[in-house]
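S.K.: Just a sequence and a predicted model for now, questions to come.
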Amino acid sequence: MSKIFNVAVVGCGIGRSHIVEGYLPNADKFKVKLLCDLNAERMGAVADEFAITRRIASFDEALAMDDIDIIDICTPPGLHFPMVMAALKAGKHVICEKPLVGSLAQVDAVMEQEKASKGMLMPVFQYRFGNGIEQAKAIIDAGIAGKPFMGTVETLWRRDAPYYAVPWRGKWATELGGVLMGHAIHPHDLFTYLMGDIERVFGRVATRVNPIEVEDTISASLQMKNGALASLTATLGSADDTTRIRLAFENVTFESDHAAYNPGEKLWKIQPRNPETAAKIDALLKDWQHVPSRFQTQMARFHDALTGTGPLPVTSADSRRSLELVTAFYHSSATNEDVVLPIGPGHPLYESWVPAQFRAA
């Protein structure tokens, strides 16, 4: 029988999805014993729905509970850094929603704290999991795809005024960014997960759709470290919600299922360039085992990591790569220059990409 880890879910918005998609299907691995939220009405509704009796408003109280193994942080982005640091210092295992933190300086501080903490940290990138993505990744990792040539990512979603009625959305201090941070961050992570590290970024950001502080439309041209070229586009002004990823390799072209919020659930279009490649792909995938999508597989693999039977499915280094792209986007748009990665402490936006007038005093 596998070890069951006791979880405190902090924040009952996206936290409810963690319960439904992640913890309930993995009931032999996790038990949600505590909810923590400042909104008592929302917390009560979620707690009643899942028969969770322990309900508190104090994050510090959650950290002090000896029977809680995992702190699952599902709060607005501006709160992530202090909460992650406090949970690691308290010796807890930590799950944290995207974005992990709000700057490269903060993610580097988190990575240093990880070295001194007994707990394990897993950032959330649930879009990585599912049959479509896993098959593409397997073909690439097996060397069948060959040299990468080109990739495109389109994150065309719709967000209207009611979305921004939630007080923390659309504001630099609490959301830490716009479409780059809350929406396209997922497809962009999928892109680098499959295509590798970025070397240069020329990006543009704009606010064109809604009267908000942060950006809602972006475009970039990338050069990858492996020599491939790529383009990234995103807007929150689309008539519908579509996520499209297309990757051209020497021997194979991949195209995602266009589902906006679960691009890995269904099989992707896999187009081999010749019969020899098709035969290799068929042989690789002939005994394919179904991979549940999103939180179900990410949480199951986190359990593997906690019990020493598998690697951590998403790491703080993955989050750093994601936030490095965000930093490069903002800097390139402001300076009209290419940004060379990696970005270190000497960079003007290393401490924060938030415009000075919106930073806390």
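M.R.: It's in. Numbers count the residues shown, from 1 in each chain.
S.K.: all helices for this structure, in order.
M.R.: Ranges of helices in the chain, per DSSP state H, are 14-17, 40-50, 59-64, 80-89, 104-116, 131-141, 172-175, 179-182, 185-195, 275-285, 295-306, 316-335.
S.K.: can you list these in JSON lines and add distance to Val166 and mean neighbour count?
M.R.: (Glycine included, C-beta is placed from N, CA and C.) Supplementary listing: the helices of the chain in JSON lines, determined by distance: least, CB to CB, whole Å; neighbours: other CB atoms under 10 Å:
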{"stretch": "helix 14-17", "distance to Val166": "12", "mean neighbour count": "18"}
{"stretch": "helix 40-50", "distance to Val166": "12", "mean neighbour count": "15"}
{"stretch": "helix 59-64", "distance to Val166": "20", "mean neighbour count": "16"}
{"stretch": "helix 80-89", "distance to Val166": "17", "mean neighbour count": "20"}
{"stretch": "helix 104-116", "distance to Val166": "23", "mean neighbour count": "16"}
{"stretch": "helix 131-141", "distance to Val166": "29", "mean neighbour count": "20"}
{"stretch": "helix 172-175", "distance to Val166": "10", "mean neighbour count": "18"}
{"stretch": "helix 179-182", "distance to Val166": "11", "mean neighbour count": "24"}
{"stretch": "helix 185-195", "distance to Val166": "18", "mean neighbour count": "22"}
{"stretch": "helix 275-285", "distance to Val166": "42", "mean neighbour count": "14"}
{"stretch": "helix 295-306", "distance to Val166": "21", "mean neighbour count": "21"}
{"stretch": "helix 316-335", "distance to Val166": "21", "mean neighbour count": "21"}
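S.K.: Of the ones you listed, which is nearest Ile245?
M.R.: Within the helices of the chain, the stretch nearest Ile245 is helix 185-195; the backing value is 6.1 Å (CB to CB).
S.K.: Now do the same contact list for Tyr193.
M.R.: Counting by CB atoms under 8 Å, 6 or more residues apart in numbering, Tyr193 makes contact with 128, 133, 137, 318.
S.K.: In a markdown table, list those along with distance to Arg294 and pLDDT.
M.R.: Output for the contacts of Tyr193, formatted as a markdown table (distance: CB to CB, whole Å; pLDDT from 0 to 100):
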| residue | distance to Arg294 | pLDDT |
| --- | --- | --- |
| Arg128 | 9 | 97 |
| Ile133 | 11 | 96 |
| Lys137 | 16 | 98 |
| Asp318 | 16 | 98 |
